[in-house]
Every structure is written in structure tokens, then in C-alpha cells.
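Chemist: What follows is a predicted protein model with its sequence.
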Amino acid sequence: MNELELKDIHLPDVSLWWPLAPGWWLLLGLLALLVLGLLWLNWRRHHLPLARLSMDELDRIRRAHAGGQQQRATVNAVAGLLRRTLISYLGRQQHAATTGEDWLAELDRLAPRHSFSDEHKRLLSRGRYQAEVDCDVDSLLQACEGWIRNLPRGQGHVSA
């Protein structure tokens, strides 16, 4: 018989890193979740909902009023907050120059489920320019809070 010389089977070199052990896959998954979470937090921080920012500003105005701020200054601060919020929601080009009754109508149109009373509208439009303001500022602050809470959802983000 003719005997052939056979060579041994060549096995590939053993890789120490592949396939990865289940612990490494878990670690990679957790790392991916961490990166995605940090990206989301960064996005959230820079694109805060406008209603939340407005509510924070209203709380600051409320604290200043409770700390003894004059009524006229509080009314001015509330009117400024409402104007900035309206412009942020609807756009500067169309609504920055709106004043008086048109401005109040825009406020009612933006949050139709909540409208300001006649006294509040008078304060917001004319009370800002009076030397002395004698009114119930707490009810104005409460009405402003109700207006902010009734702003449309899913709109109005501000880049910080």
C-alpha cells in the first residue's frame, strides 16, 4: 500500500477578544445608554419648554412682589413676561409691534381656554404707564399663571 503523508489540520489562531463575553456586551450596552442619556439631557437643557421657563420667571416675579416690590414694577414685569412669551410662541416679525387691544387679543388667541378679566386687561395695557397702580396684583399673578398653564403643548421651545 501506498502511504501518503497527511498533514495535521490547521486551526485558526484563537482570539482572546472575539466573540465577546456577555459581560462585555452588557458593559457596551450600558455605555451606549449613558451616552444617549447625556445627549438627551444636553438637548433638554438647551431646548427648554417655553411654558416652564415662563412659569419660572413668574415665580421670580411673585417672590419679588412678596418681598416688597412696588405694584407698578410687578405689573410691568408681568406685562413684559407675557409679551416675551407671546413673541416666542408666535414670532417676532408679526407680533413684536403689537400693542393695546391687539396685543390683548393675541394673548386670548394664544391660550383660548383662559382669558384675562377686564380689570387685568386694563392693568396690562394702561396700568404699566400710570404713576400709581392700585390693584389686586395677586389676582393678576394668578391670572398670568392660568394663562401660562393653558399655553399650547408641544410648541414653544427656547434655545438657551
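Modeler: Cool, got the structure.

Chemist: Give me the distance from the longest helix seen in the chain to the chain's centre.
Modeler: Longest helix in the chain by number of residues, with DSSP state H as the criterion: helix 22-46. Its chain's average C-alpha position is 23 Å from that of helix 22-46, according to C-alpha atoms, centre = their mean, to the nearest Å.

Chemist: Rounded mean pLDDT for it, please.
Modeler: Per-residue confidence for helix 22-46 averages out to 90 on the pLDDT scale.

Chemist: what's the answer for stretch 80-99, then?
Modeler: The predicted confidence, averaged over stretch 80-99, sits at 76.

Chemist: Ok, stretch 63-74 next?
Modeler: Over the span of stretch 63-74, the pLDDT mean works out to 85.

Chemist: Quick check: end-to-end length of it?
Modeler: Using C-alpha to C-alpha, to the nearest Å, the gap from the first to the last residue of stretch 63-74 comes to 10 Å.

Chemist: Where do the strands of this structure begin and end?
Modeler: Counting by DSSP state E, the chain has these strands, from start to end: 47-49, 157-159.

Chemist: Quick check: which helices or strands does the longest helix of the chain pack against?
Modeler: Under the contact criterion of 3 or more C-beta pairs under 8 Å, 6 or more residues apart in numbering; DSSP states H and E, the helices and strands touching helix 22-46 comprise an empty set. C-betas here are computed from N, CA, C, even on glycine.

Chemist: Can you mark which positions in it are buried?
Modeler: By neighbour count, with 16 or more other C-beta atoms under 10 Å as the criterion, helix 22-46 contains no buried position.

Chemist: for stretch 105-114, same thing?
Modeler: 106-107, 110-111, 114.

Chemist: Those residues in helices, which ones?
Modeler: Secondary structure assignment by DSSP H places 106-107, 110 of the buried residues of stretch 105-114 in helices.

Chemist: Any chance of JSON lines for those, columns pLDDT and distance to Leu34?
Modeler: As requested, those are exported to JSON lines (pLDDT from 0 to 100; distance: C-beta to C-beta, whole Å):
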{"residue": "Glu106", "pLDDT": "79", "distance to Leu34": "44"}
{"residue": "Leu107", "pLDDT": "78", "distance to Leu34": "43"}
{"residue": "Leu110", "pLDDT": "75", "distance to Leu34": "39"}
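
Chemist: Pick the one among the residues you listed closest to Ala64.
Modeler: Nearest to Ala64 among these: Leu107, at 21.9 Å, using C-beta to C-beta.
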